[in-house]
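Undergrad: Quick one, fold the following:
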Amino acid sequence: MTKFDTLYEVLLEKITKKTVWRKGKKVVKYKTDRPGYKMSGTREVKMSPHERSARHRAAQRAAKSSKIKKSRTKSFKRTIAKKKSRS
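TA: Got it, this is the predicted structure:
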């Protein structure tokens, strides 16, 4: 790689700073917008196909469980409302 190529790669990176609270302290977290890349410190690193598929499966599981939790809370609220109306 030449100097120009590395400079071009640095310019392509779409890194944004985001402040989050962790354990009561303010922490600066770096995020990327590019699909297929992850943050390693302050650098963008390309994910391996295995890691991408693993993250995809994990995201699907998380979405499924959050959907189940939402439906459970809705039904729970309905039962409480029915009990209140009876008494």
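
Undergrad: what pLDDT, on average, does the helix ranked longest in the chain get?
TA: If you go by DSSP state H, the chain has its longest helix at helix 49-86. For helix 49-86, mean pLDDT is 90.

Undergrad: Pick out the residue nearest the middle of the protein.
TA: residue 59 (8.4 Å; Cα atoms, centre = their mean).

Undergrad: Okay, that one and residue 66: tell me how far apart.
TA: 11 Å (Cβ to Cβ, to the nearest Å). C-beta coordinates here come from the backbone N, C-alpha and C atoms, glycine included.

Undergrad: Can you pull the residues that touch both of the two?
TA: With Cβ atoms under 8 Å, 6 or more residues apart in numbering applied, the contact sets of residue 59 and residue 66 do not overlap.

Undergrad: Which residues does stretch 46-57 contact?
TA: Counting by Cβ under 8 Å, 6+ apart, 36-38 sit against stretch 46-57.

Undergrad: Take those residues and write them to TSV, including distance to residue 74.
TA: Converted to TSV, the contacts of stretch 46-57 look like this (distance: Cβ to Cβ, whole Å):
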residue	distance to residue 74
36	36
37	37
38	35
